[in-house]
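Chemist: using only what follows, build the 3D model:
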Amino acid sequence: MSKPRSQTINIFLPTGNPKGIRKVGRSSNSNVRLFEVPRTELGRFCEMPEAAEMGIYFLVGSGQLYIGQTTDLSKRIKEHDKTKAFWQRVFIVVLNNDFRTLDHLYCLEKAAIEHAQAAGRLQLENVTAGNHHRHLHDSICSDCENIFDEIDTLLSVLNQDFFEIPEKLETIGEHIAKTENTVIGKHTGSEESILIFCRSKDKVIRGKGCFIVSTGEVLLSKGTMISVKTSETLPAGWRMQRENWLEQKDLVLGDDPDYYVLQSDQLCKTPSMAAALVLGNNRNGWVYWRNEQGRTLDSIYRT
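Modeler: This next block holds a predicted model:
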């Protein structure tokens, strides 16, 4: 990322509704235009002239993220509306004239996926890491570095931080000190947290903790078992957190040589992050975490 500098950012409301479509861009020397589009407003966006242009996009919702690129934004995102259920909003980046090439699209998509993996804030739904086989000229890469910085700034204006690497995850004690009303126990409808469990393929409970209803975070309990083995699907940011636990001796080998034992309570930003750290690979935590009655978080809070 380049050094921050003063700049003027404009926000335009095409429909007049501040909770609807928002168009964001720099007032001068802009390389891109960024649109925030609620899924319910997709039809209105597709009527706008920018919908027929090329660009990259970010589908966001339920702690998940999908990054893509296309030469026809309207057609591609309509396809996702039929095939991907998780997203509630899409952030669309339309490239200005000088950068409307396939090389720029491929380079920006690849950079965005790499930054999202490094941050590890959301569960990345991409199967591939972008186009690794396309040879890109140095001038294209230089263009895209500047464009990505601008995209990151515009997303930050809209309070989207999925490229920002967390400085440090809180422990349960630190979290409770900041949220004194948090209750860890059985869910009665008025309490903010419920006990949850995560099982491995052999049906053995490996993860234990609580789900913070108000924030969607998971507090992993001391004694949780963390898989020694990890797969390539584990996002880089989450892998970094696992390495930090090892360095700080928060993970030690237990009686089962295939699992570490967590030595202190740890806060994870999403259920999917918590499940991935326990099981060693990318998982949909909303399905893998269950309450004491065996119900998934997905069935309790999302259906």
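
Chemist: mind listing what the residue positioned nearest the centre of the chain touches?
Modeler: In the chain, the centroid-proximal residue (CA atoms, centre = their mean) is residue 122; its distance is 1.9 Å. Shown in contact with residue 122 (CB atoms under 8 Å, 6 or more residues apart in numbering): 60, 63, 64, 65, 116, 162, 270, 272. Any C-beta I mention is one placed from the backbone N, CA and C, and that applies to glycine too.

Chemist: give me the phi and psi for it.
Modeler: phi -130, psi 160 (degrees, to the nearest 10).

Chemist: quick check, pLDDT for it.
Modeler: Looking at residue 122, its pLDDT is 81.

Chemist: any idea how far the nearest residue to it once chain neighbours are set aside is from residue 199?
Modeler: Distances taken as CB to CB, 6 or more residues apart in numbering place residue 65 nearest to residue 122, at 4.0 Å, with adjacent residues excluded. Residue 65 is 26 Å from residue 199, where distance means CB to CB, to the nearest Å.

Chemist: what of residue 158?
Modeler: When residue 158 is compared with residue 199 (using CB to CB), they lie 37 Å apart.

Chemist: go on, residue 85?
Modeler: Noted for residue 85: a distance of 24 Å to residue 199, by CB to CB.

Chemist: the two - which one has more neighbours?
Modeler: Under the neighbour definition other CB atoms under 10 Å, residue 85 and residue 199 were set side by side, and residue 199 has more, 15 against 10.

Chemist: residues in contact with the residue nearest to residue 278 when sequence neighbours are not counted?
Modeler: Using CB to CB, 6+ apart and skipping residues adjacent in sequence, the residue nearest residue 278 is residue 207, 3.9 Å away. Shown in contact with residue 207 (CB under 8 Å, 6+ apart): 196, 197, 198, 220, 224, 225, 274, 275, 278, 279, 289.

Chemist: tabulate these (JSON lines), appending secondary structure and distance to residue 14.
Modeler: Output for those, formatted as JSON lines (DSSP: H, G, I helix; E, B strand; the rest coil; distance: CB to CB, whole Å):
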{"residue": "196", "secondary structure": "strand", "distance to residue 14": "41"}
{"residue": "197", "secondary structure": "strand", "distance to residue 14": "46"}
{"residue": "198", "secondary structure": "strand", "distance to residue 14": "43"}
{"residue": "220", "secondary structure": "strand", "distance to residue 14": "43"}
{"residue": "224", "secondary structure": "coil", "distance to residue 14": "47"}
{"residue": "225", "secondary structure": "strand", "distance to residue 14": "50"}
{"residue": "274", "secondary structure": "helix", "distance to residue 14": "38"}
{"residue": "275", "secondary structure": "helix", "distance to residue 14": "39"}
{"residue": "278", "secondary structure": "helix", "distance to residue 14": "44"}
{"residue": "279", "secondary structure": "helix", "distance to residue 14": "43"}
{"residue": "289", "secondary structure": "strand", "distance to residue 14": "39"}
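
Chemist: same list, those residues, but as a markdown table with distance to residue 22 please.
Modeler: Shown next, in a markdown table, are the contacts of residue 207 (distance: CB to CB, whole Å):
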| residue | distance to residue 22 |
| --- | --- |
| 196 | 35 |
| 197 | 40 |
| 198 | 37 |
| 220 | 36 |
| 224 | 40 |
| 225 | 44 |
| 274 | 31 |
| 275 | 32 |
| 278 | 37 |
| 279 | 37 |
| 289 | 33 |
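
Chemist: and the gap between the residue nearest to residue 262 when sequence neighbours are not counted and residue 254?
Modeler: Leaving aside its chain neighbours, residue 262 sits nearest to residue 224 (4.3 Å; criterion: CB to CB, 6+ apart). To residue 254, residue 224 is 11 Å away according to CB to CB.

Chemist: mutual contacts of those two, please.
Modeler: With CB under 8 Å, 6+ apart as the test, residue 224 and residue 254 both reach residue 261.

Chemist: look up how far residue 8 lies from residue 95.
Modeler: Using CB to CB, residue 95 is found at 21 Å from residue 8.

Chemist: residue 239 too?
Modeler: Between residue 239 and residue 8 the distance is 38 Å, computed by CB to CB.

Chemist: and residue 222, by the same measure?
Modeler: Counting by CB to CB, the gap between residue 222 and residue 8 amounts to 49 Å.

Chemist: with residue 219 instead?
Modeler: Residue 219 is 41 Å from residue 8, where distance means CB to CB.

Chemist: for these two, indicate the residue with more neighbours.
Modeler: It is residue 219, of residue 219 and residue 8, that has more neighbours when counted by other CB under 10 Å, with 23 against 8.

Chemist: and that one, what are its bridge partners?
Modeler: Using DSSP bridges, the beta-bridge partners of residue 219 come out as residue 210, residue 267.

Chemist: fine by me, we can end here.
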